[in-house]
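1. Pasting the sequence and the predicted model now:
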Amino acid sequence: MADWGTRRLERGLGGWTRARLPGGVAEFVMFVLKQGWAALFGILFVFAILGSTVIWQDDWALSRYDGLFLFAVITQILMLALRLETWAEARVILLFHLTGTAMELFKVNAGSWTYPEGAIFMIAGVPMFSGFMYASIGSYIARVIRIFEMRFAPYPPYWLSLAFGVAIYVNFFAHHFLPDIRLALFAGTLILFARTRVWFYVGRSPRWMPMPLAAFLCASVVWIAENVGTMTQTWTYAGQDAFEMVSFAKMGSWYLLLFVAFVTVTVVSRAALSQSPLRPGLRTEINEIEPDRKAALEL
């Protein structure tokens with residue numbers, strides 16, 4: 001059950017916005033606020049990267065990478081302690097953390113990118129905070145589904161989506177040795193998911209967008225955040241000059257990886273998936289629903 005103080009904050013923000021802004025504007029503002037709330041872990045981590053770049057000194061006993069690692073661990077503990085994340089969501093985050101760390105170990109040692117600073121909490125050139133960057137994406141997907149009460153319909157057969165996610169993940173490794181099939185994978189996202197609508201609530205009425213569009217918009221935001229990482233020299237890509245923007249091709253990589261993240265989330269929870277088309281009705285009135293769903297409905 002979500003923390004009652006958090007619920008009151010969410011209700012207050014929602015009521016304040018609806019009371020002062022026209023309907024369409026209020027709904028857009030609430031959409032942005034709820035997205036930010038869902039991405040809380042990632043937003044905090046981006047600010048930690050920026051802040052550590054400004055304040056960290058070379059002669060400090062603790063390295064910046066280790067500081068980022070400890071920040072991520074403490075933030076994760078606090079989000080669970082304050083019930084901003086559920087334990088089910090934490091299992092999703094851990095699973096994607098592990099798959100992301102495995103890819104980091106491979107890619108760094110393959111020369112795709114590097115971490116130029118040293119750290120105690122580092123394995124084979126990969127600082128341990130890096131896994132939390134992937135965890136932040138898993139956290140966002142798990143939280144945004146709950147906060148917006150999302151439904152995905154019509155969703156392809158689950159085994160097919162799982163196999164597709166595995167194929168994307170394997171290609172991130174295999175393209176170093178075999179032909180890169182990412183163009184086929186891009187086409188696969190449309191073949192499998194073009195009909196899938198992501199239904200969500202901002203107010204009482206259901207809204208929707210195509211699932212590939214939702215993945216592309218999320219990938220665009222992640223790409224912007226990735227530029228924060230490279231501009232601060234937290235990590236650097238092979239052949240990338242200082243203050244050079246990350247290649248737009250990386251946005252395609254994140255687009256595909258978001259499907260891996262989503263499939264990872266559904267390994268733990270499939271309640272939001274429906275193989276049949278549907279149109280949700282008006283959202284239930286707040287007073288008629290059980291207390292542990294109010295926080296997600298009232299922001």
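-> Looks like it arrived, so ask away. Numbers count the residues shown, from 1 in each chain.

2. Now the phi/psi pair for F152, please.
-> Dihedral angles phi and psi of F152 (degrees, to the nearest 10) take the values phi -120, psi 110.

3. which residues sit in contact with it?
-> T196, R197, V198, W199, M211, A272, L273, S274 (CB atoms under 8 Å, 6 or more residues apart in numbering). Yep, even glycine has a C-beta here, placed from its N, CA and C like the rest.

4. Now render those residues as TSV, adding neighbour count.
-> As requested, the contacts of F152 are exported to TSV (neighbours: other CB atoms under 10 Å):
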residue	neighbour count
T196	23
R197	22
V198	22
W199	20
M211	22
A272	18
L273	17
S274	16
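
5. now, which of those residues sits nearest G138?
-> Closest approach to G138 among those (CB to CB): A272, at 14.9 Å.

6. hmm, back to that, okay, and which of the contacts of F152 map to helices?
-> Among the contacts of F152, the members found in helices (DSSP state H) are M211.

7. Format the contacts of F152 as CSV; extra columns: distance to Q233.
-> Shown next, in CSV, are these (distance: CB to CB, whole Å):
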residue, distance to Q233
T196, 39
R197, 41
V198, 36
W199, 41
M211, 35
A272, 39
L273, 41
S274, 45
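
8. Present the contacts of F152 as a markdown table; the columns should include distance to R146 and pLDDT.
-> Converted to a markdown table, those look like this (distance: CB to CB, whole Å; pLDDT from 0 to 100):
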| residue | distance to R146 | pLDDT |
| --- | --- | --- |
| T196 | 19 | 97 |
| R197 | 18 | 96 |
| V198 | 14 | 96 |
| W199 | 14 | 96 |
| M211 | 17 | 97 |
| A272 | 9 | 92 |
| L273 | 14 | 94 |
| S274 | 16 | 91 |
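
9. Restricted to strands, list the contacts of F152.
-> Within the contacts of F152, residues falling in strands by DSSP state E are R197, V198, W199.
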